[in-house]
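Colleague: Sequence and predicted structure are below.
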Amino acid sequence: MCLLTEQTHIGIKGVVTDTSNKVISGAEIKVTDLQTGKPIDHDILSLTDGDYYRLLKNGDYMVTVKATGYHPAIKCVTVKNVMFVGSGILKEAQKLDFQLTPSSEPNPEDITAVSYCRNLASKQKTEQEEEEELQDVAEDSREREILLELLMYLDSRVDWLHLGHLFSTADLYSALTLELDQLEPKERSVLMQQIQAALKKDTKV
């Protein structure tokens, strides 16, 4: 019972009505995760009193409500499940009511809702691009670290670890190629095998 009570404080809840404030039961409520762009499994239906509750974790979502005889309605929401400090009690689920227009009437376009959805989707795209850029930077940083370690091993006369920032990654590869060309074929072959083994190990980690 306690777990059920806690869950009703996570996600969104609301009431589905029509333009005359008559409750709509059996309305289909579909939720799409804006971060992944994919719908969340298990659509729900509004109850006999028009109420609905949807369990959701923190994130940005697009909620679509459909019912026979009505135009569909769409709203977007940022879910933030908040717990009161020191109490261990979650704040009530965010309220998101829907009012559907009969299909016999013109379909009203909620400009504010559409704009908000676009802004949230754009924010998710920007955050994803930033994460990918950070990942690329991290991978490039590790790649340069390996190159500098190899150059230090092959030519200890140059303090590569301190001077490496002066060279681009392409420059470091060129310097490594020159150093490898100076080795005997057998020695170069052994070193290349060691490098490949080290790179495979680093990738697994």
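Modeller: All right, it came through fine.
Colleague: switch to C-alpha atoms for all contacts and neighbour counts from now on
Modeller: Noted.
Colleague: State the distance from the most far-flung residue of the chain relative to its centre to residue 117.
Modeller: Each residue of the chain has a distance to the centre, and by CA atoms, centre = their mean the biggest one is for residue 184: 49.5 Å. Relative to residue 117, residue 184 is positioned 63 Å away (CA to CA, to the nearest Å).
Colleague: just residue 12 next, same as before
Modeller: Remark: distance between residue 12 and residue 117 (CA to CA) = 16 Å.
Colleague: Who has more neighbours out of these two?
Modeller: Neighbours per residue, other CA atoms under 10 Å: of residue 12 and residue 117, the larger number sits with residue 12, 24 against 21.
Colleague: contacting residues around that one?
Modeller: If you count contacts by CA atoms under 8 Å, 6 or more residues apart in numbering, residue 12 has them with 53-56, 79, 93-96.
Colleague: make it 10 Å
Modeller: 52-57, 63, 77-81, 92-97 (CA atoms under 10 Å, 6 or more residues apart in numbering).
Colleague: Same check on residue 56?
Modeller: Per CA under 10 Å, 6+ apart, neighbours of residue 56: 7, 9-12, 31, 33, 40, 79-81, 93.
Colleague: Neighbours of the closest residue in space to residue 51 that isn't next to it in sequence, how many?
Modeller: In space, and not counting its chain neighbours, residue 51 is closest to residue 15: 4.4 Å by CA to CA, 6 or more residues apart in numbering. Residues near residue 15, counting by other CA under 10 Å, number 19.
Colleague: who touches residue 15 in this structure?
Modeller: Taking CA under 10 Å, 6+ apart as the test, what residue 15 contacts is 23-25, 46-47, 49-53, 95-99.
Colleague: Which among the residues you listed count as buried?
Modeller: 23-25, 46-47, 50-53, 96, 98-99 (16 or more other CA atoms under 10 Å).
Colleague: ok, the residues you listed vs residue 163, which is closest?
Modeller: residue 96 (57.7 Å; CA to CA).
Colleague: Quick check: what element follows whatever helix or strand residue 117 lives in along the chain?
Modeller: Using DSSP states H and E, residue 117 sits within helix 111-154. Per DSSP H and E, the first helix or strand lying C-terminal to helix 111-154 is helix 160-163.
Colleague: what's the nearest residue to residue 179 if we skip its chain neighbours?
Modeller: Per CA to CA, 6+ apart, closest to residue 179 is residue 154, 6.6 Å.
Colleague: what number of residues lie near the one you found?
Modeller: Around residue 154 there are 15 other residues, counting by other CA under 10 Å.
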